[in-house]
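Trainee: the sequence and its predicted three-dimensional model are supplied below.
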Amino acid sequence: DNDSAGKEGATKVLQLLPDALIIKLPEGVKDYCEYRKQYSASDFQALVKTVITENTLSYEEFCQVVDKWLLLPDKNVLKVIFASLISHYFTADPLWVFLVAPPSGTKTELITLLSALPIVYMMSDLTTKTLFSGLEGKRKASPSLMMRLPNSIITMKDFTTVLSMRAEDKSIILGQLREIYDGRYDKPFGTGEEVHWKGRITLIAGVTGIIDAQQAVLRVMGERFVMYRIIQPNDEEVAEKALSISGQEKEMRQELKTAMRKFFWGITIPKIGEITIPLEIIKSLSSLASFIVIARSGIIRNSYGLKEIELIPEPEAPARLAKQLGVGIKSLAVLMGKKEVGWEEYYLILRIALDTVPRTKISHLVALMNDDFGTKTSDVATKTGYSLSGAEMILEDLFALKLVGKTDWGQGTTPLWHLTEKCLGYLG
């Protein structure tokens, strides 16, 4: 308002919320009631839009702020994060993302800056009682975190702590997350308490490459998340960048968070149905989803001796992953201000999908490409850096999944490995 009380109130708001947007009414208009008598609702909407436009950043401007403080040669990780954020506002299932990087691999800073958004809830630790609790209490607030977060984006800087838990606790948490993704959780507890939760949660978490060794996680949660492996810069450049900003960490985090808010404010998110995918890209996504669900399937081996294969589980159906990739590719289009998905968005979704497969499998599939006559196990081991026995075990898993074939000339001969027609068909 243009009266003294309004100006004083705006000053107090800015002191408490430095990044709040103040919409100033035209000169001569005392307050909003007077404004409505002289102007229409569309005039006010235009005024709001002008203020937002003047206080938002473009994607290029946001990247400039990131470059000022972080050494991030792989800018696509920013697009992946924003795609997950945007997916939360669609009516389809959200896009849950694990950002995979080594310790001190930038994932913590990227996830921390998301706390600038009011809808984001940052979580540092997770136990079996954090999300849902049967604890009886007289407190007004529920002891179950999820009962206080029916509609939120949850971030975890390091999901590796969950992976390192004992098997029983880890299984409970993963089971809870499965049902949270599906939007509903119902459980009676021995204390007499019952929890009934319905809501919408999007999860963005950091994790190290150890997740590739966690087949239990991939089996339980595999259908409900995708992964993105952040390309790491040169070690010496990382050290130089860290030294150059030493002592400015507080300023860095504040500027990055402000930039995050200003960029995200400027994104217009339409209804998911308003974004179209061309038929040729739909066909490519379908083939990609069919390949990924097979490639990321886990083979169960015994835990002793020669670790022989005990079970080849049926791969998941591709429908859920296909929907996830569809949500992801539409979110990327929205990020770039498009109403129709293009091949640029597809190629990033392709990378996300491939990153969701354990790196061991991808590296061995790549080692077999462009060899029409087959490749010896020893040559595959040399190309991938694995031991002979390690490479053979991974190739056997891929053979069990029918993505790799084997030509065996008989006892005492060296088998030759090759990609199957089925695998080549998926890869186009």
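Mentor: In hand now; what should we look at? Numbering: from 1, shown residues only.

Trainee: okay, CA-based contacts and neighbour counts for the rest of this
Mentor: Will do.

Trainee: for residue 158, see how far away residue 391 is.
Mentor: As defined by CA to CA, to the nearest Å, residue 391 lies at a distance of 29 Å from residue 158.

Trainee: now residue 303
Mentor: 28 Å.

Trainee: buried set for stretch 315-328?
Mentor: 315, 316, 318, 321, 322, 323, 324, 325, 326, 327, 328 (16 or more other CA atoms under 10 Å).

Trainee: quick one: which of the residues you listed is nearest to residue 169?
Mentor: Nearest to residue 169 among these, counting by CA to CA, is residue 316 at 24.4 Å.

Trainee: and the pLDDT for the closest one?
Mentor: Looking at residue 316, its pLDDT stands at 85.

Trainee: can you give me the strands for the chain?
Mentor: Residue ranges of the strands in the chain, as given by DSSP state E, are 97-100, 120-123, 151-156, 184-188, 194-198, 200-207, 226-229, 300-301, 309-311, 375-376, 404-407, 416-419.

Trainee: and residue 303 and residue 158? Which one has more around it.
Mentor: residue 158 (22 against 10; other CA atoms under 10 Å).

Trainee: show me what contacts the closest residue to residue 56 other than its chain neighbours?
Mentor: In space, and not counting its chain neighbours, residue 56 is closest to residue 262: 4.3 Å by CA to CA, 6 or more residues apart in numbering. Taking CA atoms under 8 Å, 6 or more residues apart in numbering, we find residue 262 in contact with 55, 56, 57.

Trainee: so how far is residue 286 from the first one?
Mentor: Residue 55 is 40 Å from residue 286, where distance means CA to CA.

Trainee: and for the second one?
Mentor: With distances taken as CA to CA, residue 56 is found 36 Å from residue 286.

Trainee: so where's this structure uncertain?
Mentor: Low-confidence segments of the chain, defined by pLDDT under 70: 1, 17-20, 134-141, 215-222, 305-306, 410-412.

Trainee: in it, which residue is most central in space?
Mentor: By CA atoms, centre = their mean, the chain has its centre lying nearest to residue 97, at 1.8 Å.

Trainee: enumerate every residue touching it.
Mentor: Neighbouring residues of residue 97 by CA under 8 Å, 6+ apart: 81, 84, 203, 204, 205, 225, 226, 227, 228.

Trainee: turn those residues into a markdown table, columns for distance to residue 376 and neighbour count.
Mentor: As requested, the contacts of residue 97 are arranged in a markdown table below (distance: CA to CA, whole Å; neighbours: other CA atoms under 10 Å):
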| residue | distance to residue 376 | neighbour count |
| --- | --- | --- |
| 81 | 40 | 21 |
| 84 | 41 | 22 |
| 203 | 42 | 23 |
| 204 | 40 | 24 |
| 205 | 39 | 22 |
| 225 | 34 | 19 |
| 226 | 32 | 23 |
| 227 | 31 | 24 |
| 228 | 31 | 23 |
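
Trainee: turn those into JSON lines, including distance to residue 128.
Mentor: Shown next, in JSON lines, are those (distance: CA to CA, whole Å):
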{"residue": "81", "distance to residue 128": "27"}
{"residue": "84", "distance to residue 128": "25"}
{"residue": "203", "distance to residue 128": "17"}
{"residue": "204", "distance to residue 128": "19"}
{"residue": "205", "distance to residue 128": "17"}
{"residue": "225", "distance to residue 128": "20"}
{"residue": "226", "distance to residue 128": "23"}
{"residue": "227", "distance to residue 128": "24"}
{"residue": "228", "distance to residue 128": "26"}
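
Trainee: if we can go back for a sec, ranking the strands of the chain by burial, who's on top?
Mentor: Among these, strand 97-100 has the highest mean neighbour count (mean count of other CA atoms under 10 Å), at a mean of 25.

Trainee: quick one: the residue lying closest to residue 233 once chain neighbours are set aside and residue 66, what's the gap?
Mentor: Spatial nearest neighbour of residue 233, chain neighbours left out: residue 73 (6.4 Å); criterion: CA to CA, 6+ apart. Relative to residue 66, residue 73 is positioned 11 Å away (CA to CA).

Trainee: neighbour count: the two, which is higher?
Mentor: residue 66 (20 against 13).

Trainee: got the contact list for the more buried one?
Mentor: With CA under 8 Å, 6+ apart, residue 66 has these contacts: 72, 256.

Trainee: please apply the same query to residue 142.
Mentor: Contacts of residue 142 by CA under 8 Å, 6+ apart are residue 148.
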